[in-house]
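Q: Fold the following and give me the result.
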Amino acid sequence: MKTVPARHLFWIIPLTALITSPLWGPPAARFLRPRVSETSVKGAELKSVGKTFVMEDIVFTQCNKGKQQWRLKAASLYTAGSEDDIRLIRVQAEFIGDDHDQRTTISGDRARYQADRQLLSINDKVTVKTANGYEMHTPQLRFQEKKRLLLADNGVTVTGERFQVTGQRLRYYLDSNDVRVEGRVICTVR
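A: Down below sits the predicted model:
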């Protein structure tokens, strides 16, 4: 019997894989497919915006010149139409000042980050805890990244250790911790 040189055996392996691919291909494809769970995100909302990308339990961090500026955690993330329009579910954002001990945290049920405008909008049960100890509640909040400014236009309540202020609009500058409340302002001192 004639022996086959080893160099001729190398074409048998790819040929065997090709011929048997109908047997192992579909189970391998199911195993390797990324798991996408839409249970944590409203399925109808995803279908209506034409989702293109979904992630769960994500953490974003933004750094500038080697210094961490902000960190954002979300239970779910998906894109809506384009990669520059990111939607988030159950959001917690932490903004870090020049002194790393100065941190302002924001939480909310839903958010939208528009990368092209550098605008983060947080909606539904928004709570802000500032670096200087104030707590703010509003139905909707926007963060302008370039100015490091938080804006609220749909009513806000600011609570401190000995006071509570309510108003229609809010401006909060993260770098200076300055708070401005405008429109039908009511202040209660305790």
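Q: Count the residues that sit near residue 81.
A: Neighbour count of residue 81, defined by other C-beta atoms under 10 Å: 11. (C-beta placed from N, C-alpha, C; glycine too.)
Q: What's the first helix or strand after the helix or strand of the chain with the lowest mean pLDDT?
A: In the chain, no helix or strand scores lower on mean pLDDT, DSSP states H and E than helix 43-49, which sits at a mean of 45. Where DSSP states H and E defines the elements, the next helix or strand beyond helix 43-49 is strand 51-64.
Q: in its sheet, what does that next one sit against?
A: Using DSSP bridges, strand 51-64 pairs in its sheet with strand 67-80 (antiparallel).
Q: Enumerate the positions of the strand it pairs with that are buried.
A: 69-74, 76-80 (16 or more other C-beta atoms under 10 Å).
Q: so how far is the helix ranked longest in the chain off the chain centroid?
A: Ranked by residue count, the top helix of the chain under DSSP state H comes out as helix 12-32. How far helix 12-32 lies from its chain's middle: 38 Å, per C-alpha atoms, centre = their mean, to the nearest Å.
Q: Run through the chain and note the low-pLDDT ranges.
A: Low-confidence regions of the chain, defined by pLDDT under 70, span residues 1, 4, 34-52, 98-101.
Q: Please list all residues in contact with residue 154.
A: Residues near residue 154 by C-beta atoms under 8 Å, 6 or more residues apart in numbering: 138-140, 168.
Q: What distance do you get for the closest residue to residue 190 other than its chain neighbours to residue 189?
A: Nearest residue to residue 190, sequence neighbours excluded (C-beta to C-beta, 6 or more residues apart in numbering): residue 162, at 5.0 Å. Plainly put, residue 162 is 6 Å away from residue 189 if you go by C-beta to C-beta, to the nearest Å.
Q: if I look at those two, which residues touch both of them?
A: Joint contacts of residue 162 and residue 189 (C-beta under 8 Å, 6+ apart) do not exist.
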